[in-house]
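Participant: could you work out the structure for the sequence below:
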Amino acid sequence: MFNLDLTEIDANLRQGGNYLLKFMQTLSVQYNSYLAGEQVAREDLYPCMCSCHGQNRKGVGCHKCSYHHTETTTYSYSPLHDMVSEFLTQAEQENPETAAVMFLGVAKELMLQKEPPHITRERTEVIIQGTYSEDPNDANAVWHEYEFKCKPGNVAWRPCFITPYHYRLDWLMWFAAFQTYEQNEWIIHLAGKLLANDNSALSLIALNPFKGKKRPRWIRGEHYKYKFSQLGGKHAAKGKWWIRKRIGPYFPPVNLRGLKQFFASRDWPHPHGH
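Facilitator: Sure, this is the predicted structure:
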């Protein structure tokens with residue numbers, strides 16, 4: 001026999017409703033702020049590395065990097081994440097009836113949220129590839145792709161779920177895909193490290209196609225456009241999460257010998273293959 005106090009249960013449900021209503025009012029303000037975004041200078045997000053910025057031309061950009069010296073809209077979900085996390089923590093400390101209203105209410109609200117209007121449904125990616133071929137321009141050269149921990153690469157790999165932080169290298173690779181390698185010289189530094197099978201660089205990567213083998217002779221960067229495959233479509237039926245189309249080369253094939261002067265001119269230690 002259950003000993004239920006309906007008056008007490010009703011009071012607990014009303015209490016949960018009151019908490020939820022107050023939370024929703026505060027969330028609405030924060031959510032609208034999130035959708036509006038914030039205008040910031042691109043160079044405040046990541047520095048321009050274009051070679052046109054000489055000592056006497058500080059702040060002056062060329063046609064290659066003019067896009068970098070503009071404003072962009074950024075969207076920070078962190079305040080919303082913190083607000084929801086705090087509310088869920090509060091719900092866990094309430095009695096079961098009050099908590100149920102709070103949990104179900106916030107779940108319903110989050111499901112109704114929409115993405116900011118400027119978030120694109122396509123993205124460009126830099127795909128790094130290596131080969132054993134002596135001639136990187138040989139049409140028969142076989143190129144193997146490095147896979148990163150989170151960013152799109154292999155179209156059959158399921159997208160990762162990670163929050164609230166990103167993998168730093170994957171994040172930088174995404175921004176690099178908006179620009180040229182001349183504006184992101186660090187990516188050539190990464191290529192040199194991969195040519196040398198550098199353990200510190202490889203620790204940041206999910207799949208090294210040359211693991212346990214001799215190091216590659218050449219590495220190149222290819223530029224691709226990615227979009228999600230359609231549920232029920234032919235690509236999804238083949239187990240492909242992504243549809244990708246090659247845009248063109250991102251950076252040309254490089255080898256350790258050819259990078260020696262490039263590294264020296266920037267006072268970077270030249271990686272040694274092993």
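Participant: now do the buried residues in the helix or strand bottoming out on mean pLDDT in the chain.
Facilitator: When each helix and strand of the chain is scored by mean pLDDT, DSSP states H and E, helix 42-45 comes last, with a mean of 72. Across helix 42-45, burial judged by 16 or more other C-beta atoms under 10 Å covers Arg42. Quick note: C-beta positions are derived from backbone N, CA and C, even for glycine.
Participant: ok now it, how far from the chain's centre?
Facilitator: Mean C-alpha position of helix 42-45 versus that of the full chain (C-alpha atoms, centre = their mean, to the nearest Å) differs by 16 Å.
Participant: keeping just the C-alphas, turn that helix into PDB.
Facilitator: Taking C-alpha atoms only, helix 42-45 is exported to PDB below (Å, rounded to 0.1, in the frame of the first residue of the first chain):
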ATOM      1  CA  ARG A  42      39.500  37.900 -37.500                       C
ATOM      2  CA  GLU A  43      43.000  38.800 -36.500                       C
ATOM      3  CA  ASP A  44      41.900  38.900 -32.900                       C
ATOM      4  CA  LEU A  45      41.000  35.200 -33.200                       C
END
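Participant: whichever helix or strand comes after it pairs with which strands, and in what direction?
Facilitator: For helix 42-45, the following helix or strand on the C-terminal side (DSSP states H and E) is strand 71-74. Sheet pairing of strand 71-74 (DSSP bridges) gives strand 38-41 (antiparallel).
Participant: picking that back up, tell me what the least confident helix or strand of the chain is packed against?
Facilitator: Secondary-structure packing of helix 42-45 (3 or more C-beta pairs under 8 Å, 6 or more residues apart in numbering; DSSP states H and E): strand 71-74.
Participant: and the strand it packs on, how far from the chain's centre?
Facilitator: The answer for strand 71-74 is 16 Å, by C-alpha atoms, centre = their mean.
Participant: quick one: average confidence on that strand?
Facilitator: Regarding strand 71-74, the rounded mean pLDDT is 75.
Participant: name the residue closest to the centre of this protein, please.
Facilitator: Trp171 (4.2 Å; C-alpha atoms, centre = their mean).
Participant: can you give the contact residues for stretch 10-25?
Facilitator: If you take C-beta atoms under 8 Å, 6 or more residues apart in numbering as the criterion, stretch 10-25 is touched by 87, 90-91, 94-95, 97-102, 105-106, 109.
Participant: buried set for it?
Facilitator: Residues of stretch 10-25 classed as buried by neighbour count (16+ other C-beta under 10 Å): 12, 15-16, 19-20, 23.
Participant: ChimeraX command to pick out the buried ones of the contacts of stretch 10-25?
Facilitator: For the buried members of the contacts of stretch 10-25, the matching ChimeraX selection, counting by 16+ other C-beta under 10 Å, is:
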select :87,91,94,97,98,99,101,102,105,106,109
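Participant: what's the neighbour count on Gln129?
Facilitator: 19 (other C-beta atoms under 10 Å).
Participant: wait, a strand at it?
Facilitator: Yes - membership of Gln129 in a strand is supported by DSSP: H, G, I helix; E, B strand; the rest coil.
Participant: all helices in this protein, in order from the N-terminus.
Facilitator: Taking DSSP state H as the test, the helices found in the chain are 6-36, 42-45, 78-92, 96-112, 168-176, 186-195, 199-202, 234-237, 256-265.
Participant: can you tell me which of the ones you listed the model trusts least?
Facilitator: Looking at the helices of the chain, the bottom one is helix 42-45 with a mean of 72.
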